[in-house]
Every structure is written in structure tokens, then in C-alpha cells.
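Visitor: task: produce atomic coordinates for the following.
(one chain, ligands or ions: 2)
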Amino acid sequence: MAYRVAVYNAISASGLGRFAAPHYAVGKALADADAILLRSHALQLSEIPATVKAIARAGAGVNNIPVDEMSKRGVPVFNAPGANANAVKELVIAAVLLAARNVVPAIGYVQSLAASPDFEKRVEDGKKQFAGVELPGRTLGIIGLGAIGGLVAETAIRLGMKVTGYDPEITVDNAWRLPGSVKRAASIEDVLKSSDFVTIHVPLNNHTRHMIGRERLAVAKKGMALLNFSRDAVVDEEAVLASIADKRLRAYICDFPSPKLQGHAGVVTLPHLGASTEEAEENCAVMVVDQLKAFLEEGSVANAVNFPSVEMARESPHRIAIANANVPNMVGQISTTMAQAGLNIHNMVNKSKGEMAYTLVDLDSEAAPDLLARIAHIPGVLSIRAIPPISGSAK
Ligand SMILES: NC(=O)c1ccc[n+]([C@@H]2O[C@H](COP(=O)([O-])OP(=O)(O)OC[C@H]3O[C@@H](n4cnc5c(N)ncnc54)[C@H](O)[C@@H]3O)[C@@H](O)[C@H]2O)c1
Ligand SMILES: O=C(O)CC[C@@H](O)C(=O)O
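Guide: Ligands and ions are numbered 1, 2, ... in the order given. Prediction:
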């Protein structure tokens, strides 16, 4: 029997091709799937079958996946950190230039001109309303200095801009990668007060929803351009439109069109294009397909947003993977149940991340199905599966 992978959205063939037959059956929205692979498909709106053992997002954001519900089921949710960051960075830099030179309204103006004898005169007469600014010496504020924010900072500095950044949860690795000249802001208000352009690169969650609203926009530097290539709801659209009407915000350029934003001067929307390059689509697909395969075939976990990273060289065909609540005595109860069934543990690893713990066990002999059922009934055990080697008794 093959692992069944249900695919939503267009996933690069370079990634899908790594699911080789006969071990994998891959198809659009396949039933009874072992794994789900998707991009922006809104999975919160679907029933996720009990057969699903893993979900992978070929991208960075996981706000379209019910991560908390999956954690309760002991199902890891994988993503592709950094794999599309360069693509987004390039579009953000393009957006800074669009805003600096009023490129979109200027194109609109030329397109609006009828072919008349005074066409050239009207072109020349009209251009002064689109005069812009140059980037060197201007300040770019960056909210969120992760994979994308860090790359944007680096490129903006190369273009001669000053950069001020805000990220209270920045990782040590990302902080090391930041150019030394990035100024550390104490608050979002600090960034908005001092920047000519502000770009947002945070995940959408309960802390970041509407992080840019009326009160914060009220303190923004007059004439600031706001860029949002993060997620629609990190910005309150009503507040943005009001701020443009008050002439405090000069422009809002984002990757998330909405009926509310349609037809407003000063607003430019792109159709969620940030990660849509050949390179990013390929990088994301290859990364998450490899992560899914390692999980399905070996129980290994890398880049799961709700699971610890775990890898253990296989030394036995009799491998068991268990996800459990990160509370005392779980490993004790699991290993005692195995010992009572006469099973010897050859090798074992247990790691935790937040409320989730994950254990890989290699046994000297096969665990009977009723033993797996007994472990599954220990309070706090969220999921359990036996993982035979794919080349031998493949599933
Ligand atoms: N437009 C697109 O196509 C596209 C493509 C990729 C990613 N994205 C979006 O961009 C987001 C960021 O992507 P990334 O790859 O840089 O992710 P990342 O995880 O590398 O970086 C996110 C950063 O945001 C910081 N952060 C979290 N909460 C914050 C807060 N309240 N204030 C300030 N900083 C905060 C984190 O500490 C982290 O450093 C994704 O979650 C996704 O929603 C959009
Ligand atoms: O798949 C896409 O095109 C968008 C991906 C992007 O939003 C992400 O979060 O990585």
C-alpha cells in the first residue's frame, strides 16, 4: 500500500516528482489521505479526515490551517521557513520603488489619455503631479525581522536607505544576520513616527491581527507609504482608507485585494504574488515534500510549527512514533507499557516544544496492534503509529 497525499493548490512539479511510485499516490484532494499538501487553500473550512497524519504548507504562513486542532490530534503542521523569502523581498523592494515614484497612478494617468493632437503636451503637463522621491537617506521601517524582513533590511541598506526595525521576538540567528546599521525601534509607534515607508513582515495570529489600526496610524509620519505583504488582516483596512483620506498615509501597497480596497486612490493591490516565482515555488515544494517524506517514512520532524524537531538514525525495522502532551511521566508510562508487553527498547528519543512532546522508539521486535491501542489510551497520548521501513514491508 502507498502513502496517500492529497494536494490542494498548484504545487511545483519539482516537489511533487519526489513522491515516487509505488510508495506514494498523489492527487488533487485525494480521499483518505495520509498527508495534505497545500498553499493558500483555506483548510479551516474543510473537514480533515482522521487518516491524516501530517499537513504541509508549501510556504511560510500557516494561518489557513487549523494548527491548534491538529495539535490536539497529534498531527504535525510543516512549513517552508525562508524558502520564498527572496521572492517576497524582491516584490517589496519593487513596491517601495512604486510608492517612491508614484508609478501606478502615473501609468493610470497615461492610459487615461485619449490619442489626440495635444497628446504629448498633456503628458508633459500632467507629469508634475507624479514627481517622487529617491531612496538614499529615506527611512524604511520594518515590522517583523524574520526571513523576509531581514532580507528587505539588507537590500534597503544597499540602496542607501536608513532602516529601523521592530521585532520583540526576533530569533538569535535572525538578529546575527541583520546588518549592524539597522536601528532598533522600541515600539511599532516608534517605527511609524520615524519612517517614510513601513513594511510589515509578521505572521497573522491573535497578537498581530489589526496591529496597524486607527490609533497607530494617527502617529504615522505625514506622507508615509505603508506596505503589507504579510497578510490582509494585520492591517485594519478601514483605518488605512481613513488615513489616506486624511492625507496622513500617502499610499497603501499590499498583496491582498479586497472589495473594500477596490477603486481607492492611493491604494495598490497585487493578487497575492509575493511568493509566485519559479524559484520560490520550487524551493517551497521541495522543502516541504522532503519534510513530509521524512515524517511518513521515518517519523522524523523538521520545520513543524507545532512539533519539536526530532531525528533518529533507524537501527530497527520496528519503529513507533508517539505524540503526547508535554506533561510529567509520559515517557515512563509509555516505556512501562512496552516492557509489560515484553518489548525491549533498542533506541529512543523524546523532545518537546511548548505543550507538545514527541517520542521515537526503535524496538527489538514488532509491537502487536493491541499494544499500540493500549498506549493510545494512556491519557495525554495524542497519536501513535508504527513505521515500517518503506523499502521492506512498506505500508
Ligand atoms: N505575500 C506572500 O506571498 C507571502 C509570502 C511569504 C510569507 N508571507 C507572510 O509573511 C509572513 C512572514 O514571513 P517570514 O518568512 O518572514 O516569517 P518569519 O517567521 O521568518 O518571520 C516573522 C517575524 O515576525 C516576528 N514577529 C512575530 N510577531 C511579531 C509582532 N507582534 N511584532 C513584530 N514582529 C513580530 C517574528 O519574531 C519573526 O521574526 C508569513 O507569516 C506570511 O504570513 C507572505
Ligand atoms: O503560496 C503562495 O503563493 C503564497 C505563500 C505565502 O503567502 C506564504 O505564506 O508563504
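Visitor: I figured residue 57 was touching residue 80, is that so?
Guide: Yes: the criterion here is CB atoms under 8 Å, and residue 57 meets it with residue 80 at 7.1 Å. C-beta coordinates here come from the backbone N, C-alpha and C atoms, glycine included.
Visitor: need the residues touching each of those two.
Guide: residue 288 (CB atoms under 8 Å, 6 or more residues apart in numbering).
Visitor: so who does residue 154 touch?
Guide: Counted by CB under 8 Å, 6+ apart, residue 154 has contacts 178-179.
Visitor: backbone phi and psi for it, please?
Guide: phi -60, psi -50 (degrees, to the nearest 10).
Visitor: what residues does the protein put near ligand 1?
Guide: Contact residues (CB under 6 Å from any ligand atom) of the chain with ligand 1: 59-61, 81-82, 84-85, 88, 143-149, 166-170, 174, 201-204, 207-208, 229-231, 255, 272, 274-275.
Visitor: so which of those reach ligand 2?
Guide: Filtering those for proximity to ligand 2 (criterion: CB under 6 Å from any ligand atom) leaves 59-61, 84, 272, 274-275.
Visitor: what subset of the residues of the chain next to ligand 1 is buried?
Guide: 59-61, 82, 84-85, 88, 143-149, 166-167, 170, 174, 201-204, 208, 229-231, 255, 272, 274-275 (16 or more other CB atoms under 10 Å).
Visitor: any idea how far residue 123 lies from ligand 1?
Guide: According to CB to the nearest ligand atom, to the nearest Å, residue 123 stands 34 Å off from ligand 1.
Visitor: which SS class is that residue?
Guide: Classification of residue 123 using DSSP: H, G, I helix; E, B strand; the rest coil returns helix.
Visitor: check residue 47 too.
Guide: coil.
Visitor: count of neighbours near it?
Guide: 6 (other CB atoms under 10 Å).
Visitor: confidence score at it?
Guide: Reported pLDDT at residue 47 in the predicted model: 92.
Visitor: please name the residues that touch it.
Guide: Counting by CB under 8 Å, 6+ apart, residue 47 has no contacts.
Visitor: next, the contact list for the spatially closest residue to residue 86 that is not a sequence neighbour, please.
Guide: Closest residue to residue 86 apart from its sequence neighbours, by CB to CB, 6 or more residues apart in numbering: residue 151 at 6.3 Å. For residue 151, the contact set (CB under 8 Å, 6+ apart) comprises 85-86, 89.
Visitor: let's have the residues you listed in a markdown table, adding pLDDT, secondary structure and distance to residue 214.
Guide: Formatted as a markdown table, these follow (pLDDT from 0 to 100; DSSP: H, G, I helix; E, B strand; the rest coil; distance: CB to CB, whole Å):
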| residue | pLDDT | secondary structure | distance to residue 214 |
| --- | --- | --- | --- |
| 85 | 98 | helix | 31 |
| 86 | 98 | helix | 34 |
| 89 | 98 | helix | 29 |
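Visitor: now, which of those sits nearest ligand 2?
Guide: residue 85 (8.9 Å; CB to the nearest ligand atom).
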